[in-house]
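>>> Structure for the following, please:
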Amino acid sequence: MIFFLASAGIALGLFLGMLLFLEFGRRLGAKRAVARGAEAQAGVGVVEGAVYGLLALLVGFMFSGAAARFDNRRELVAKEKNAASTAWMRVSLLPADQQPGIRAAFRHYMDELIAYYAQTSSAHVLLDQTPSLRRAEKELWANAVRECTEPGNADRECQLLLPALNDMFEAVDMERMSRLIHPPFIIFIMLSVAAMATALFAGYGMASSRARNWIYTIGIAATISIATWVIIELEFPRVGSFRVNAMDQVLVELRASME
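Residues are numbered from 1 along each chain as shown. I've put the predicted structure just below:
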């Protein structure tokens, strides 16, 4: 809820700012029209086209990037599931009497991982694993190493199991680190500047009309503001309105199959 209010507040601020610049541009254009007549609109179309093109480029670039990162984060969860499934199956390579301890630690790790994602999806984005998840990871690894170093265990089984566990831990860490990947903050500032410049020139171009075109005025401000809101939401899929929570279900299903 806090993140939604923050993203909605940014979009609302952009909307109001564009309305303000639209009105300022319209009044500036009307004032210039009185002073210079038709010459006041000379060259406005060329400048408008350049500014509109820059804004379209920024919005398209940021929206495409946000959507791609959103899909990538869903793929990372799928990779976690595949890595965990592979590691779980490779536990069976060990002697039967050595499997229960590892499987119990594995189930505990999966429980902590699912709880970790449930916490970040409902509270806030954690840039580090929870202490309980780190302990569960160390416990699982320690159990696997201990069993693999037991006398009589073949190196071949351990050479398959330990790398599989490492791949699973790496996949979880890659998903966590992906939350740090966002466009540089300067890009958001540039988007805001381009949006305000677009509103200014649009208002200047509408100065030739006596009556305000509210549909055009509100429409352009609302469109850019909504697009910006969607971009922000897609950039933070663990707390935004558009989330990757549906993919977490594959981890729940895998955990259920471990019983």
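
>>> any idea how far residue 3 lies from residue 242?
Distance of residue 3 to residue 242, computed by C-beta to C-beta, to the nearest Å: 12 Å. Placement of C-beta: from N, CA and C, glycine included.

>>> Kindly report the same for residue 228.
14 Å.

>>> Which one's more surrounded, these two?
residue 228 (24 against 14; other C-beta atoms under 10 Å).

>>> isn't the more buried one right next to residue 10, touching?
Yes - under the contact definition of C-beta atoms under 8 Å, residue 228 touches residue 10, with a separation of 7.0 Å.

>>> residue boundaries of the helices in the chain?
2-36, 44-90, 99-122, 131-148, 155-177, 185-205, 214-235, 245-257 (DSSP state H).

>>> May I see these arranged in JSON lines, with mean pLDDT as well?
As requested, the helices of the chain are exported to JSON lines (pLDDT from 0 to 100):
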{"stretch": "helix 2-36", "mean pLDDT": "84"}
{"stretch": "helix 44-90", "mean pLDDT": "89"}
{"stretch": "helix 99-122", "mean pLDDT": "86"}
{"stretch": "helix 131-148", "mean pLDDT": "90"}
{"stretch": "helix 155-177", "mean pLDDT": "88"}
{"stretch": "helix 185-205", "mean pLDDT": "89"}
{"stretch": "helix 214-235", "mean pLDDT": "89"}
{"stretch": "helix 245-257", "mean pLDDT": "89"}
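
>>> Dihedrals phi and psi, residue 258?
phi -80, psi -10 (degrees, to the nearest 10).

>>> from what I can see it touches residue 102, true?
No - with contact defined as C-beta under 8 Å, residue 258 does not reach residue 102; the gap is 11.6 Å.

>>> Who has more neighbours out of these two?
Ranked by neighbour count (other C-beta under 10 Å), residue 258 and residue 102 place residue 102 first, with 22 against 13.

>>> Tell me who's in contact with that one.
If you count contacts by C-beta atoms under 8 Å, 6 or more residues apart in numbering, residue 102 has them with 91, 94, 140, 143-144, 147.

>>> swap the cut-off to 7 Å and go again
Residues in contact with residue 102 (C-beta atoms under 7 Å, 6 or more residues apart in numbering) are 91, 143-144, 147.

>>> what do you get for residue 66?
Under the contact definition (C-beta under 7 Å, 6+ apart), the residues listed for residue 66 are 231, 234-235.

>>> repeat for residue 55
Residue 55 makes contacts with 194-195, 198, as judged by C-beta under 7 Å, 6+ apart.

>>> What backbone torsions are found at residue 238?
In this entry, residue 238 is assigned phi and psi values of phi -90, psi -10 (degrees, to the nearest 10).

>>> Could you check how far it is from residue 244?
As for residue 238, its distance to residue 244 is 7 Å (criterion: C-beta to C-beta).

>>> and if you look at residue 195?
Going from residue 195 to residue 244 by C-beta to C-beta gives 28 Å.

>>> which of the two has more neighbours?
Under the neighbour definition other C-beta under 10 Å, residue 195 and residue 244 were set side by side, and residue 195 has more, 25 against 20.

>>> Show the contacting residues for the nearest residue to that one once chain neighbours are set aside.
If the residues on either side of it in the chain are set aside, residue 195 comes closest to residue 224, at 5.1 Å by C-beta to C-beta, 6 or more residues apart in numbering. Contacts for residue 224 were tallied using C-beta under 7 Å, 6+ apart; they are 14, 18, 195.

>>> Hmm, residue 194 and the first one touching each other?
I take that to be residue 14. No - contact criterion C-beta atoms under 7 Å: residue 14 and residue 194 do not qualify, at 11.1 Å.

>>> And residue 241, its phi and psi?
Backbone torsions for residue 241, taken as degrees, to the nearest 10, come to phi -70, psi -30.

>>> What is the burial count for it?
As a measure of burial, residue 241 has 15 neighbours, counting by other C-beta under 10 Å.

>>> Number the chain from 135, please
Got it, the first residue is 135 from now on, which makes the last one we talked about residue 375.

>>> And the closest residue to it other than its chain neighbours, how far from residue 301?
Excluding the flanking residues, the one nearest residue 375 by C-beta to C-beta, 6+ apart is residue 367, at 4.9 Å. Per C-beta to C-beta, residue 367 is found 31 Å from residue 301.
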